[in-house]
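[1] sequence first, then the predicted structure:
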Amino acid sequence: MDYMLCDELIEEIFQRLPPSPSSSLSVSLVSKRWLNLYRTSITSLSLRLTTHNSTIQSLSSLLSHFPSLLSLSLLLSSDPTTTTTTTTTTTIASPTTFSDHLLLLVSTFCFKLQTLRFMAGPVSLSSLNSLSSTCTQLTSLCINLSRPIFFMWVVKFPALKELSIFVCSGERVEQETEFDRENRLWGNEDFDAELGLESLCLSGIRADDWGLGWLWRSCKKLKKLQLKSCEGVGDGGSFLSFVRCLQGLEEVELRTCRSIVDGVLLKLAENCNSLNSLLVYDGGSREGLLRFISQCNCNLQKLDLRLPLDLNNDHLTAVAVNFQGLSSIRLQSCCLVTGEGLKALGIAMSSGLEELALINCDVVEREPGLLVTLGQNLKQLRKLDLSYNEMLLDKDFISMLVSCNYLIDLRLRGCKRLTNLALVSVFKNCKLLENVDIMQCCGIEAEALELFVLNSPRLRRVQVEESKLSDVARTWTSNKLIEVVA
């Protein structure tokens, strides 16, 4: 009976199973053949590791059972920079050595990889060279590096499209020696290359980090740039190369980069006409942001801002004038914004705005009637996020929903004062709704959730506490293939 179906057909069936522990357990108990075929069919794996002495041996055994992996994520559960690990055969004196052992195992067993997220400690240049020689199909790579940082190894990954680098604090003696060796091998920074990178994320860069000028010059196809907790864009000679790199960008994200935000935004306004998405969190100045909004000539489609003390009505007025083509605007924790600025924005965007987020914005609670006005002006909204407005009341929310009949995505997480009436209004007014988040909504009870699930014909995903799911709601979501995220 076990061999009536061929291996290929069974693997195809396994690939269509829902990714749940119960599915994998059921399959593995049928027979050893099915267990082996199930493992062979797995193309994506995420693991959380410890720096225990058996980790390397265990990972080696585990990866050998999954020969078809295309995507792998490895994450240490403890801080790799503070742990010394000893295996049964090797004493690992530094986190770099430990992570190099792990990366070598990846190189050995996962030669089909296309995506690797390796957050198991800083890796050395030699281990990256080994990875490049075996995993030739890598298109996405996320790693940690120690200082001094070196970027010319990227050339050895010709298929790479997405690169994320998190620079660890502190410097390693062994890394400095290897850096000198690689620098002699490649020559100097004048060596030019044309990388295929389309997306680049850098975290923890300092103003004096060497080698970034080469990286900026070599990224001629870059479409997306993310900078996180960066104090600069490299040493003094790197800035001109960085400016040239901005010209073709379509998406930019700046998170906690207060010392460089104004300069980056200014150069974006002057040199980038292709930008369609901008995110700025926790950094910048009022003047710098206003200058960018007023001078930018790009057709911005998405704007996402979390600037508690730097965003005010002047910025919203400038956005209403200069970015009338916006399809999405997200504002978080914006304490200085008032209803006047948001109403002006709503009037200007009335014909095209499809996504609005006002997350933890106390203006929603301060000014009664604001949501009603926004709903009347923004009747084309498809996505609405009012998460963490703890004092939001049913009356204001329901009055807005009356005008928002085209919503497909609604997020109300942390709106503690909304009650069952709010959820009843949702299914009465939002017949197209596909995704809803009502986690941490204390006033919404199981009875209202059951009615909501039964009366939402297009619902595909709901985020809610499991304790609020009645037996009826649980059965209905299962029969209608509605994903429940608890």
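    All right, it came through fine. Because the structure is a prediction, the values reported are computed rather than measured.
[2] let's verify L72: helix, strand, or coil?
    Secondary structure for L72, judged by DSSP: H, G, I helix; E, B strand; the rest coil, is strand.
[3] got the contact list for it?
    Contact partners of L72, counting by CB atoms under 8 Å, 6 or more residues apart in numbering, are 44-47, 106, 110, 113, 115-118. Yep, even glycine has a C-beta here, placed from its N, CA and C like the rest.
[4] list only buried entries from the residues you listed.
    45, 106, 110, 113, 115-118 (16 or more other CB atoms under 10 Å).
[5] got CSV for these, with pLDDT too?
    Putting the buried ones among the contacts of L72 into CSV (pLDDT from 0 to 100) gives the following:
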residue, pLDDT
L45, 90
V106, 94
C110, 92
L113, 96
T115, 97
L116, 97
R117, 97
F118, 95
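[6] can you redo those as CSV with distance to G248 and secondary structure?
    Below are those laid out as CSV (distance: CB to CB, whole Å; DSSP: H, G, I helix; E, B strand; the rest coil):
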residue, distance to G248, secondary structure
L45, 34, strand
V106, 32, helix
C110, 32, coil
L113, 28, coil
T115, 24, strand
L116, 26, strand
R117, 26, strand
F118, 28, strand
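[7] now distance to S199 too, for those, in CSV please.
    Putting the buried ones among the contacts of L72 into CSV (distance: CB to CB, whole Å) gives the following:
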residue, distance to S199
L45, 22
V106, 21
C110, 22
L113, 17
T115, 12
L116, 14
R117, 14
F118, 17
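[8] tally of neighbours for P457?
    Using other CB atoms under 10 Å, P457 is surrounded by 10 other residues.
[9] now do the SS call for it.
    coil.
[10] now do the contacts for it.
    With contact taken as CB under 8 Å, 6+ apart, P457 is in contact with K431.
[11] pLDDT at it, what is it?
    pLDDT for P457: 93.
[12] any idea how far A486 is from it?
    23 Å (CB to CB, to the nearest Å).
[13] closest one of the buried ones among the contacts of L72 to G443?
    If you rank the buried ones among the contacts of L72 by distance to G443 using CB to CB, R117 comes first, at 38.4 Å.
[14] please report the distance of the closest one from E340.
    Here R117 is placed at a distance of 44 Å from E340 (CB to CB).
[15] equivalent analysis for E466, please.
    In terms of CB to CB, E466 sits 42 Å off from E340.
[16] compare these two (neighbour count), which wins?
    Neighbour count, other CB under 10 Å: between E466 and E340, E340 has more, with 14 against 9.
[17] what residues are up against the more buried one?
    Here E340 is in contact with N313 (CB under 8 Å, 6+ apart).
[18] how near is it to D362?
    Using CB to CB, one obtains 15 Å as the distance from E340 to D362.
[19] cool, and V472?
    Computed with CB to CB, the distance linking V472 and D362 is 38 Å.
[20] so what's the residue count around K343?
    Neighbours of K343 under the rule other CB under 10 Å: 18.
[21] hang on, isn't it packed against L370?
    Yes: counting by CB atoms under 8 Å, K343 touches L370, with 7.2 Å between them.
[22] for the closest residue to K267 other than its chain neighbours, give me the pLDDT.
    Leaving aside its chain neighbours, K267 sits nearest to V243 (5.1 Å; criterion: CB to CB, 6 or more residues apart in numbering). V243 is assigned 91 on the pLDDT scale.
[23] C-terminal to the helix or strand where V243 lies, what's the next element?
    Following DSSP states H and E, one finds V243 within helix 239-245. Counting by DSSP H and E, the next helix or strand C-terminal to helix 239-245 is strand 251-255.
[24] so how far is that next one from its chain's centroid?
    Put simply, strand 251-255 sits 12 Å off its chain's centre (CA atoms, centre = their mean, to the nearest Å).
[25] and stretch 377-386, by the same measure?
    With CA atoms, centre = their mean, you get 23 Å for stretch 377-386.
[26] list the buried residues of it.
    In stretch 377-386, counting by 16+ other CB under 10 Å, buried: 377-378, 381-386.
[27] which other helices and strands contact the helix or strand containing S126?
    Here S126, judged by DSSP H and E, is contained in helix 125-134. Applying 3 or more CB pairs under 8 Å, 6 or more residues apart in numbering; DSSP states H and E, one finds that helix 125-134 contacts helix 95-109, helix 173-186.
[28] and the angle from that helix to helix 95-109?
    Between the axes of helix 125-134 and helix 95-109, defined by axes from the mean of the first three to the mean of the last three CA atoms, to 10 degrees, the angle is 10 degrees.
[29] mind listing what's buried along helix 125-134?
    In helix 125-134, counting by 16+ other CB under 10 Å, buried: 125-128, 130-132, 134.
[30] what's the answer for stretch 277-288, then?
    For stretch 277-288, a neighbour-count test (16+ other CB under 10 Å) marks 277-284, 288 as buried.
[31] how about stretch 323-340?
    323, 326-334, 336-337, 339.
[32] kindly report the same for stretch 136-146.
    138-146.
[33] how far does it sit from the chain's center?
    16 Å.
[34] likewise for stretch 385-398?
    26 Å.
[35] for stretch 130-137, same thing?
    Worked out by CA atoms, centre = their mean, stretch 130-137 lies 25 Å from the chain centre.
[36] show me the shaky parts of this protein.
    Applying pLDDT under 70 to the chain flags residues 1-5, 7-37, 53, 78-96, 170-191, 236.
[37] give me the contacts around the longest strand along the chain.
    Of all the segments of type strand in the chain, defined by DSSP state E, the longest one is strand 162-171. Under the criterion CB under 8 Å, 6+ apart, residues 81, 117, 119, 122, 139-149, 154, 197-206, 209, 226 lie in contact with strand 162-171.
[38] so what are the sheet partners of that strand and their directions?
    Sheet partners assigned to strand 162-171 using DSSP bridges are listed as strand 140-147 (parallel), strand 199-203 (parallel).
[39] and the ones you listed as a markdown table, adding distance to N297?
    Below are the strands paired with strand 162-171 laid out as a markdown table (distance: least, CB to CB, whole Å):
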| stretch | distance to N297 |
| --- | --- |
| strand 140-147 | 32 |
| strand 199-203 | 23 |
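[40] nearest to C272, out of those?
    Closest of those to C272 is strand 199-203, at 14.8 Å (criterion: CB to CB).
[41] hmm, back to that, in TSV: the contacts of L72, plus distance to S259.
    Below are the contacts of L72 laid out as TSV (distance: CB to CB, whole Å):
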residue	distance to S259
S44	38
L45	38
S46	34
L47	36
V106	35
C110	39
L113	36
T115	32
L116	31
R117	28
F118	29
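[42] wait, which of those is closest to R413?
    If you rank the contacts of L72 by distance to R413 using CB to CB, S46 comes first, at 23.8 Å.
[43] who are the neighbours in contact with the closest one?
    With contact set as CB under 8 Å, 6+ apart, S46 has these partners: 72-73, 75.
[44] same thing with C361?
    Contact partners of C361, counting by CB under 8 Å, 6+ apart, are 331-334, 337, 389.
[45] could these be laid out in JSON lines, adding distance to L59 and secondary structure?
    As requested, the contacts of C361 are exported to JSON lines (distance: CB to CB, whole Å; three-state DSSP):
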{"residue": "L331", "distance to L59": "43", "secondary structure": "strand"}
{"residue": "Q332", "distance to L59": "38", "secondary structure": "strand"}
{"residue": "S333", "distance to L59": "40", "secondary structure": "coil"}
{"residue": "C334", "distance to L59": "45", "secondary structure": "coil"}
{"residue": "V337", "distance to L59": "49", "secondary structure": "coil"}
{"residue": "N389", "distance to L59": "44", "secondary structure": "coil"}
